[in-house]
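Chemist: Structure of the sequence below:
(one chain, ligands or ions: 2)
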Amino acid sequence: MPEKTEKNLAYAFAAESKACARNATFAKKADMEDYQQIARLFRAVSEAESVHARRYLMLMRGKIGSTEENLETAFQNEIKANVEEYPKLIKDAAAEGNKAVLKAFSQARDVESLHADLYKKAINDMVAERETDYHVCQVCGYISEDNAPDKCPICGAVKEKFKQVV
Ligand SMILES: [Fe+2]
Ligand SMILES: [Fe+2]
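Modeler: Ligands and ions are numbered 1, 2, ... in the order given. Okay, here's the model as predicted:
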């Protein structure tokens, strides 16, 4: 693939991924302010930007492999976030004294290692084909298998804060 095209795809993928998350957050805020129709619009655009992001990622060379390969990539990414990336961010947040950011980064670091465990388990379970439901904490991103816990073990959020992924 030509160099500029590859670079531009990577740029567009990152920009659309951000737009997807940003619009989803705008939607949540609109929900909180009781603008239901505007929230719906933000969610629709967020979904559309994720269509763009996925389309570009599929076109990028070597980014999407077989599911077995993708599980391994996803596992490695979680480990990297847990042992390399978040520790640096946590160090800076601690040095600059921002408690809310320090808490968010610290909880995310812990959650990433649990995400890695889930991938590891899934790699092993591909043979066993064990079925499970996943429930995601909407505060810290912790994932619970089978049932939502009464209280999030990472951030303490209540059961109602968990969203089941189907
Ligand atoms: Fe993760
Ligand atoms: Fe949580």
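
Chemist: going forward, measure contacts and count neighbours with C-alpha atoms only.
Modeler: OK.

Chemist: any idea how this protein splits into domains?
Modeler: Per automatic domain parsing, the domain ranges recorded for the chain read 3-59, 67-165.

Chemist: Format the ones you listed as TSV; extra columns: mean pLDDT and mean neighbour count.
Modeler: TSV is the format used below for these (pLDDT from 0 to 100; neighbours: other CA atoms under 10 Å):
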stretch	mean pLDDT	mean neighbour count
domain 3-59	97	16
domain 67-165	95	16
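
Chemist: closest one to ligand 2 among the ones you listed?
Modeler: The minimum distance between ligand 2 and these falls on domain 67-165, with 4.1 Å, by CA to the ion.

Chemist: how much distance is there from that closest one to the middle of the chain?
Modeler: 8 Å (CA atoms, centre = their mean, to the nearest Å).

Chemist: quick one on the thing from earlier: can you put the domains of the chain in CSV and add distance to ligand 2?
Modeler: As requested, the domains of the chain are arranged in CSV below (distance: least, CA to the ion, whole Å):
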stretch, distance to ligand 2
domain 3-59, 18
domain 67-165, 4
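
Chemist: need the helices for the protein, in chain order.
Modeler: Along the chain, counting by DSSP state H, helices occupy 3-32, 36-59, 67-80, 86-96, 99-128.
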